[in-house]
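Q: Mind folding the following:
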Amino acid sequence: MTIGHLRGLASAAIGAVVLSVGPAAADVVTDWNQVAIEATATPPNALLQARVLAATHVAMFEALQAGRTLDAGGRDAAAASAAHGVLSRLTTGQGEALDAALKRTVDAIPPAARTGGLALGAETAEKIVAQRRADGADAKVSFTPTAGVGRWWPTPPANAPALLPHWGSVKPFVLDPVTRFQLKGPPRHDSPEFARELDEVRTWGARLSATRTADQTAAAIFWTVQTLVPWNKAARAAAEARGNTREENARLFAALNVACNDAHVAAFEAKYRIQHWRPVTAIRARAAPGSAEASWEPLLATPAHPNYPSTHATCSGAAEAVLKGFFGRDQVAVSVTYPPLFGVTRSYASFSQMAREVDEARVWGGIHFRSADVDGHDLGRRVGEYVLARFPAPRRASN
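A: Predicted structure coming up:
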């Protein structure tokens, strides 16, 4: 397969995600986690997916908290109904699949136990969706980039306009204020540090790099996946290995997906405040006319938003912090295959291994300077720790 084919797949990945997943665990939360991943597989970008996943899992968490007096079947019905209610309202074209998923859950519950749980879940979903209607996600804003050294400008080949310039103003689920955790900012364009970063990405991230290995190329392509999909699979694997209860999983997956969503908001606030240029812009701007670098191309298609910080790294830092904090350990055994057309499989033994690979992969793909990944990772870590601390351990149900 040629690099051109790989780049095309990477570019298309933002609009379609299909991964190989293992069998569902016998738990309503992990079952509906997979339903939610499938229902949000084709939004325009990972930011929109994270918002829906966060709302879905917050609804399940709150429904289970409110339904502590229900029996086990009633609590299952409440969680499934809450997830179904959110997904039905915040996704499009998924109604038939979501109704079928709810029926599968409900059919396994004795009729006498269903009614109260279904009503509680529906009520919880309505509350969560109402809160999200006023979060600013649907706002329309104009954005005009400012040309200049070090400033973001639309990138080739599409030269697409800025993506979601308002996202830094979307109301987070937990993070308050969105600027709670400050970034140091990218290195100055005339500094030795920036020169080193530019040389690194120019060498390792070039479309036809002679330095990047085949495995590094595969990792770069793999991590064009919507970031939360591998992280949710890692959480499911760790939860199953530990034997989590239903309520523990509700807390885990709510914290994980909220942390990534809120990390996205924090990252986009910084992106459009700082407006740091992408590697392809910087490398071509510094190239001699007619030189090979004047037409330098990255391995991956550059996303249409500023470089600093990396959203993939920010989300991954948040996910790593939540999962390590929840489980009290770093170990996990998980394999994920993406994309489906040629099946790159990545296997991981720890959450930190996953997060480190994300940081490297964005440089190998030629789309981020290292400081955007390192600082984004650290921002995400702080958001993840903050979010997890605000999801209290669930009270044990009586049955």
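
Q: can you list the weak-confidence ranges in this structure?
A: For the chain, the stretches flagged by pLDDT under 70 are 1-26, 43-44, 340-342, 394-399.

Q: all strands in it, in order from the N-terminus.
A: 331-337, 345-350 (DSSP state E).

Q: so which of the ones you listed comes closest to Lys127?
A: Smallest distance to Lys127 across the strands of the chain (CB to CB): 33.1 Å, for strand 331-337. C-betas here are computed from N, CA, C, even on glycine.

Q: Could you name the helices and strands sitting against the closest one?
A: Packing partners of strand 331-337 (3 or more CB pairs under 8 Å, 6 or more residues apart in numbering; DSSP states H and E): helix 228-242, strand 345-350.

Q: How many residues are close by the closest residue in space to Gly117 that isn't next to it in sequence?
A: Leaving aside its sequence neighbours, Gly117 sits nearest to Ala77 (CB to CB, 6 or more residues apart in numbering; 3.0 Å). Neighbour count for Ala77, taken as other CB atoms under 10 Å: 29.

Q: all helices of the stretch 1-150 of the chain, in order?
A: All helices of the stretch 1-150 of the chain, identified by DSSP state H, counting those that start in this stretch, fall at 3-12, 28-39, 46-66, 72-90, 95-107, 111-133.

Q: swap that for the stretch 151-300 of the chain, sorry
A: Counting by DSSP H, counting those that start in this stretch, the helices of the stretch 151-300 of the chain are 192-204, 214-222, 228-242, 246-274, 279-286.

Q: Ranking the ones you listed by mean neighbour count, which comes first?
A: Comparing these by mean neighbour count (mean count of other CB atoms under 10 Å), helix 246-274 comes out on top with a mean of 27.

Q: And that helix, what does it pack against?
A: Using 3+ CB pairs under 8 Å, 6+ apart, the elements in contact with helix 246-274 are helix 28-39, helix 46-66, helix 72-90, helix 228-242, helix 311-327, helix 370-389.

Q: closest to Ala349 out of those helices?
A: Proximity to Ala349 (CB to CB) singles out helix 228-242 among those, at 10.8 Å.

Q: hang on, the earlier thing: correct me, but the residue nearest to Gly117 touches Ala108?
A: No - at 9.8 Å, Ala77 does not count as touching Ala108 under the criterion of CB atoms under 8 Å.

Q: could I get the helices of the stretch 151-300 of the chain as CSV with distance to Asn33?
A: As requested, the helices of the stretch 151-300 of the chain are exported to CSV (distance: least, CB to CB, whole Å):
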stretch, distance to Asn33
helix 192-204, 35
helix 214-222, 21
helix 228-242, 6
helix 246-274, 5
helix 279-286, 35
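
Q: out of those helices, nearest to His305?
A: Among these, helix 246-274 sits nearest to His305 (CB to CB), with 5.7 Å.

Q: so how far is Ala270 from Val178?
A: 9 Å (CB to CB, to the nearest Å).

Q: Quick check: neighbours shared by these two?
A: Common contacts of Val178 and Ala270 (CB atoms under 8 Å, 6 or more residues apart in numbering): Gly168.

Q: Give me the contacts around stretch 180-192.
A: Outside stretch 180-192, the residues that touch it by CB under 8 Å, 6+ apart are 149-150, 193-194, 197, 266, 270, 274, 276, 282, 307-309, 369, 371-372, 375, 379, 382-383, 386.

Q: Please identify the buried residues of that stretch?
A: The neighbour-count check on stretch 180-192 (16 or more other CB atoms under 10 Å) flags 181, 183, 186-187, 189 as buried.

Q: Kindly report the same for stretch 148-162.
A: 150, 152-153, 155, 162.

Q: and which of those is nearest to Arg51?
A: The closest of the buried residues of stretch 148-162, once distances to Arg51 are taken by CB to CB, is Ala162, at 18.6 Å.

Q: and the gap between the closest residue in space to the closest one that isn't next to it in sequence and Ala50?
A: Once flanking residues are discounted, Ala162 sits nearest to Phe143: 4.8 Å by CB to CB, 6+ apart. According to CB to CB, Phe143 and Ala50 sit 21 Å apart.
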